[in-house]
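1. curious how this folds, go ahead:
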Amino acid sequence: MVGMVMQMQAVDVPARVPVPAARPFIQTLGVNLKETFFPDDPFRAVAREDGRCRRAAAALRYMFPCLEWLPSYTLGALRSDLIAGVTVASLAVPQGISYAKLADLPPIMGLYSSFVPALVYAVMGSSRDLAVGTMAVGSLLFAAMLGKEAPPAESPDLYLRLAFTATFFAGVFQTGLGVLRLGFVVDFLSHAAIVGFMGGAATVVCMQQLKGLLGLQHFTTSTDAVAVMRAVFSQTHMWRWQSLVLGCCFLIFLLITRFFSKRRPKFFWVSAAAPLASVIVGSVLVYLIHGQNHGIQVIGNLAKGINPASAKSLILSPPHMMVALKTGIITSLLGLAEGIAVGRSFAMAKNNHVDGNKEMIAFGLMNIIGSCTSCYLTAGPFSRSAVNVNAGCRTAMSNAVMAAAVAVTLLFLTPLFHYTPLVVLSAIIVSAMLGIIDFPAAAKLWKVDKVDFCVCLGAYLGVVLGDVEIGLSIAVGISVLRILLFVARPRTTVLGNMPNSTIYRRMDHYTMAQAVPGLLVLHVDSPIYFANASYLRERISRWIDEEEDRIKAAGEESLRCVVLDMGAVGSIDTSGTKLIEGLKRSLDRKSMQIALANPGSEVMKKLDKSKVLLLVGDDWIFQTVAEACDYALLNCKIAGGAAESV
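-> Numbering: from 1, shown residues only. Below is the predicted model:
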């Protein structure tokens, strides 16, 4: 106690917190916009070059990321990319056909979507690990959302045009986000929401494959579990045991190869080649036993040739345009969330950098160009990218190699898929979807953060019991609600002095922290805005009332000063300054003083311009909580009694 009093007497007049110099509004606005939209300073590489030619070359490298690695491309890198590209193509061909069927689109569109978009990404993509192509969840959303407007069985031409249009709008939206550097919009899809939504979508996709596994001709267009189970068990007389046995055999084969590749990473190619091997074996088997005569459905004819033009098929006027726009926006966000997350995860493992805004532009352009060349939504699915990385890819050239392999398939090999059984495609989809349901991630959410687990569970149940739109709405809604609660209900905690130090810590966390007699030290844990100013006013008043009641019950010295630690208050608006002003006047009526500790530069500017600084008094603004408490003890008639008792 003696030491604390000596410290108090030694800092009678501590250094004051200065008010930052005023800056022009345009300059301040420019700095704020730069911090908001350009946190990574993307033009630094261009600005630091000398001479117009060098700067132009740097600008081209920024716009076309392929120019960063092409000048130093070697034969060794080409060999690695060739192996990776061919390996990914062996997965992309059967997977593309399967996902096109999942989207109720012609199977050939799955191959088209693995050709042109892959070439675009090879030029525009900033990730050296990502392998682009169709995605299962996007395919499911196309079938669920567009199918309501134009059922594929009744209006196949309209449905196909809507798919092209939705892909076009998805590309425009993604490109716009990238150009305007609004990538933070994707961050509203939290990790928990994505885990739950993807797991629910994978569950729904697996259930819908019962149609192919059981050889059913007619099936529900609904995606909820109840409707799917009703459709399955109301047609027990239509089940085909031949189809079920064949499908189960291939599914078991695919799961075994995936398990083997996970246990032996060097044999990754076994799992990667398993889908193509299943297609080949299934096609030969059906051809030999005349499976069509036994109820085993096959793909049928696939047109030869590379992508035909489809720009004239886009629907850019009501009434059908709105459903395509809605579908495009939703699927584009999911595609970005998955693709950027996958690209960054692999880049971190290799200590590389992936520019999120460049990825948005690359995804957007490949979907815009794809919509004009008979492709539907493409992104960066995890399964292809994992195969690409495990195969030893060096650059995005592996996507170009994959595109070349798919082009060869389109030009010469499509007739070979005539006898491919649909049940094999169903088995491929189920095998891929089982890998998307991430039980360990959900268990970790439960262990770490129960609220995040509720977000995950809500998204999952929304998709499985409702539909994909409901699940996505629940996931985004809960995430946004949580953000709003953090903003509108910030945490306030009482600080205490750590013994024999000038350090102040939370008393509910550090049991050794001691309250300072006559002082109430409060820490505000967020910026002060209109959304939380009213709550903070009431919460601080309650802290004061509770402290006064405690002091009265304990017979201690009355409360004389409230110290607000504003170290975490990054900014404040006019409602916040009104809060400080009202708190000051309220404490004046109780003969108490308010002290502000560690306010930031933006806070000081607002307090100064609103005259609140003058009302509080600049001698009650401090650099640290310790200085505020020491000064208050010496100047609020608190320290006198303590010193005499010592």
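2. all contacts plus neighbour counts: C-alpha atoms, from now on.
-> OK.
3. distance between stretch 298-307 and the chain's centre?
-> Its chain's C-alpha centre and that of stretch 298-307 lie 36 Å apart, by Cα atoms, centre = their mean, to the nearest Å.
4. so for that stretch, what's the average pLDDT?
-> Taken as a whole, stretch 298-307 has a mean pLDDT of 85.
5. do stretch 545-554 as well
-> Stretch 545-554 shows a mean pLDDT of 88.
6. and the contacts of that stretch?
-> Stretch 545-554 is contacted from outside by 520, 557-559, using Cα atoms under 8 Å, 6 or more residues apart in numbering.
7. any weak-confidence spans in the chain?
-> Residue ranges of the chain with pLDDT under 70: 1-16, 36-45, 47, 184, 187-188, 221, 349, 637-646.
8. quick one, strands of it?
-> In the chain, the strands defined using DSSP state E lie at 492-497, 504-506, 519-524, 561-565, 593-597, 621-622.
9. for residue 587, find the nearest of the ones you listed.
-> With respect to residue 587, and counting by Cα to Cα, the nearest of the strands of the chain is strand 593-597 at 6.2 Å.
10. got the angle between the closest one and strand 519-524?
-> Per axes from the mean of the first three to the mean of the last three Cα atoms, to 10 degrees, the angle that strand 593-597 makes with strand 519-524 is 40 degrees.
11. which strands and helices sit next to strand 593-597?
-> Strand 593-597 is packed against strand 561-565, helix 574-589, strand 621-622, helix 625-635, with contacts defined by 3 or more Cα pairs under 8 Å, 6 or more residues apart in numbering; DSSP states H and E.
12. wait, which of those is closest to residue 348?
-> Closest approach to residue 348 among those (Cα to Cα): strand 561-565, 37.0 Å.
13. kindly export that closest one (C-alpha atoms) in CSV.
-> C-alpha atoms of strand 561-565 as CSV (Å, rounded to 0.1, in the frame of the first residue of the first chain):
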residue,chain,number,x,y,z
CYS,A,561,-14.6,8.2,-9.9
VAL,A,562,-15.4,6.0,-12.9
VAL,A,563,-12.5,5.2,-15.2
LEU,A,564,-13.3,4.0,-18.7
ASP,A,565,-10.6,2.0,-20.4
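14. about what we covered before: next, format the helices and strands packed on strand 593-597 as JSON lines and append distance to residue 376 and mean neighbour count.
-> Listed next are those as JSON lines, based on distance: least, Cα to Cα, whole Å; neighbours: other Cα atoms under 10 Å:
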{"stretch": "strand 561-565", "distance to residue 376": "54", "mean neighbour count": "25"}
{"stretch": "helix 574-589", "distance to residue 376": "49", "mean neighbour count": "17"}
{"stretch": "strand 621-622", "distance to residue 376": "60", "mean neighbour count": "25"}
{"stretch": "helix 625-635", "distance to residue 376": "59", "mean neighbour count": "23"}
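15. out of these, which gets nearest to residue 367?
-> Closest among those, using Cα to Cα: helix 574-589, at 44.3 Å.
16. the strands of the chain: which one's closest to residue 371?
-> strand 519-524 (50.7 Å).
17. let me know the angle separating that closest one from helix 625-635.
-> 150 degrees.
18. tell me the strands beside strand 519-524, with direction?
-> When sheet partners are counted by DSSP bridges, strand 519-524 sits next to strand 492-497 (antiparallel), strand 561-565 (parallel).
19. before we move on, the earlier item: list buried residues within the contacts of stretch 545-554.
-> Using 16 or more other Cα atoms under 10 Å as the burial test, the contacts of stretch 545-554 include 520, 558-559 as buried.
20. which phi and psi does residue 558 have?
-> phi -60, psi 160 (degrees, to the nearest 10).
21. setting aside sequence neighbours, what's the nearest residue to it?
-> Leaving aside its chain neighbours, residue 558 sits nearest to residue 518 (5.7 Å; criterion: Cα to Cα, 6 or more residues apart in numbering).
22. what residue, apart from its backbone neighbours, is nearest residue 131 spatially?
-> residue 385 (4.7 Å).
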